[in-house]
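Chemist: Fold the stuff below for me.
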Amino acid sequence: MNRSTRLPGLLCALAATSAVLSVLPPVAPARAADAPAPSPHSGIRFGACPKSVPAPPAPARVECGSLDVPLEWDRPDGRRLRIAVSRVRATGTPAERRGVLLVNPGGPGGSGLPYAVTKRATLPERVRRAYDVIGFDPRGVGGSAPADCGAMGGLFRTPAADPVPRGRAAERDHLSALRHLADDCAADAGPALPHLSTGATARDMDAIRAALGEARIGFLGVSYGSYLGAAYAARFPHRTGRMVLDSVVGPESWYDFDLRQARAMLRQRDTLLEWLAAHDDRFALGGSAREVRAAYDRVRASLAAHPADGFGPAEFDRAVYRALGRTERWAPLGDGLRAYLRDGGVDGLRPKAPFDGPESRNYEAANRIVKCADGPGPTPARVTADLRALRRLDPLPVVTGIEASACAYWHHRPVSRTPLGGPATPPVLLVASAHDPVTPIEGARRLRRELPGSRLVTLADDYSHGVFASRGNACVDDTVAAYLVDGSAPAADVRCAGPGLPPA
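Modeler: Residues are numbered from 1 along each chain as shown. The predicted structure follows:
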């Protein structure tokens with residue numbers, strides 16, 4: 001990102017295609033913030049898409065446009081920003097059409113503009129025939145006023161500092177890095193910092209609904225998308241259509257969620273080590289989980305002492321974190337561990353996309369800004385105490401996902417967290433994998449209690465993140481498709497047989 005072209009803070013008046021937050025000049029007051037309606041300035045004019053959006057197979061086609069919304073929804077006559085929107089129309093007959101299905105891939109920080117194409121490609125055909133699939137980049141992401149936090153306290157330095165501090169000096173350095181990260185985000189985001197929140201994005205979704213002329217919206221949200229969907233349903237229950245929340249973030253603070261995820265990652269890593277040991281003929285890391293763990297520890301210790309071409313312990317932990325989330329990544333990780341122990345090469349461990357690339361920088365910035373805008377953060381003392389507690393569980397925890405620890409030093413301090421669900425919310429369908437370490441199933445069970453009449457579809461004996469139209473499970477996919485197309489909600493919770501551990 002070329003920072004020399006930027007005015008201080010995120011509130012610069014730049015073109016919508018700029019690489020920083022695009023905030024438009026003030027316009028005439030909109031109608032009530034809770035009820036945005038189509039108007040000459042809020043409609044979406046669709047046309048060609050940017051190169052980042054792939055073309056779907058014919059006869060379907062994708063089109064893109066944008067929608068202007070207030071930066072501050074409580075000040076609809078103030079500054080505005082532009083939300084990038086994509087659409088792939090339903091391919092069925094008019095009688096088959098059920099409306100629009102907004103989709104969100106997760107994050108916070110994930111770009112949803114191409115997701116209208118990529119996720120739609122995996123949906124059951126009857127869903128593709130019934131719904132216009134609508135993608136959008138949430139505010140602060142991609143084509144919707146992308147956030148930037150500069151150096152983020154050295155987050156993109158390679159090799160980065162060991163993310164697991166040991167000893168008081170290392171703990172002080174860790175807190176100092178978090179403080180600098182928060183300072184960097186405040187310096188770059190400026191007055192926009194409180195307004196890049198899930199609550200504001202939910203209101204942007206309702207503006208998209210209104211601009212499309214729909215009375216209600218269908219919604220499919222995965223991971224963070226489940227949190228966003230539950231926030232929309234809490235604020236706009238009467239405009240919530242059929243909603244599927246997949247791989248569910250529970251109703252708790254982001255920091256508490258991050259800690260729960262970190263503990264689940266330890267359980268998942270133990271499962272991975274046992275799996276690698278069971279396939280010692282391929283990976284040659286040891287015939288028992290203890291032997292494989294010793295090999296794992298040797299790799300990490302060696303990279304901490306002698307980083308290889310910028311690949312050290314932080315980069316290693318990020319690779320492990322990513323692999324733990326989907327079982328199809330386990331074998332490549334095992335191959336990478338074996339290759340490093342054999343010849344010291346890290347190509348098998350290093351992700352293809354650079355961590356300091358523009359998309360990653362935007363993702364990491366938006367992730368922290370949204371999490372810290374969504375509710376109160378922890379104290380620095382708690383951050384240190386929780387890291388020590390994780391190290392008591394395991395001397396080498398995977399703490400990559402504890403992003404909300406930066407909220408300990410955030411310059412904007414929300415007084416309450418984002419409401420999710422509520423007694424007026426219509427029933428929705430929740431989907432979860434029994435052993436997903438990224439969004440542990442406890443979150444789905446807790447959120448279901450906030451969504452009266454909702455049902456939970458569980459993929460048993462499964463260890464991956466992302467289930468519907470992702471794991472290839474007919475029981476899950478047919479159940480969700482029937483709900484979306486026919487409105488046939490299960491009479492009770494559904495338990496589908498899962499695939500078990502993967503082959504080597």
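
Chemist: When you work out contacts or count neighbours from here on, use the C-alpha atoms and nothing else.
Modeler: Will do.

Chemist: report the longest helix in this structure, please.
Modeler: helix 254-278 (DSSP state H).

Chemist: Quick one: list the elements packing against it.
Modeler: helix 289-305, helix 313-324 (3 or more CA pairs under 8 Å, 6 or more residues apart in numbering; DSSP states H and E).

Chemist: Take the ones you listed and lay them out in TSV including distance to Pro502.
Modeler: Output for the helices and strands packed on helix 254-278, formatted as TSV (distance: least, CA to CA, whole Å):
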stretch	distance to Pro502
helix 289-305	17
helix 313-324	13
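
Chemist: any weak-confidence spans in this structure?
Modeler: 1-42 (pLDDT under 70).

Chemist: Dead centre of it: give me the residue that sits there.
Modeler: Gly107 (1.5 Å; CA atoms, centre = their mean).

Chemist: How about the contacts made by that one?
Modeler: Taking CA atoms under 8 Å, 6 or more residues apart in numbering as the contact definition, Gly107 lies against Ser223, Tyr224, Gly225, Tyr363, Asn367.

Chemist: Closest to Val467 out of those?
Modeler: In terms of CA to CA, no member of the contacts of Gly107 lies closer to Val467 than Ser223, at 10.2 Å.

Chemist: hang on, isn't that closest one packed against Val248?
Modeler: Yes: using CA atoms under 8 Å, Ser223 makes contact with Val248 at a distance of 5.5 Å.

Chemist: Pick out whichever of these two has more residues nearby.
Modeler: Neighbour totals were compared for Ser223 and Val248, and Val248 leads with 33 against 23 (other CA atoms under 10 Å).

Chemist: neighbours around Val320, how many?
Modeler: Neighbours of Val320 (other CA under 10 Å): 19.

Chemist: Distance check, it against Pro437.
Modeler: Shown here: Val320 relative to Pro437, a distance of 12 Å by CA to CA, to the nearest Å.

Chemist: on that earlier part again, got any residues that touch both of Ser223 and Val248?
Modeler: Thr439.

Chemist: residue ranges for the strands of this structure, please.
Modeler: Ranges of strands within the chain are 23-24, 62-70, 80-88, 99-104, 131-136, 217-222, 240-246, 429-433, 455-459, 494-496, based on DSSP state E.

Chemist: mind checking which of the ones you listed is nearest Arg209?
Modeler: With CA to CA as the yardstick, what comes closest out of these is strand 217-222 (6.4 Å).

Chemist: could I get that closest one in PDB with only the CA atoms?
Modeler: Presented in PDB, the C-alpha positions along strand 217-222 are these (Å, rounded to 0.1, in the frame of the first residue of the first chain):
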ATOM      1  CA  ILE A 217     -33.300 -11.200   3.000                       C
ATOM      2  CA  GLY A 218     -32.100 -14.800   3.100                       C
ATOM      3  CA  PHE A 219     -28.600 -15.200   4.500                       C
ATOM      4  CA  LEU A 220     -25.800 -17.700   4.600                       C
ATOM      5  CA  GLY A 221     -23.000 -16.800   6.900                       C
ATOM      6  CA  VAL A 222     -20.000 -19.000   7.700                       C
END
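
Chemist: got the angle between it and strand 240-246?
Modeler: 10 degrees (axes from the mean of the first three to the mean of the last three CA atoms, to 10 degrees).

Chemist: Many thanks, we can stop here.
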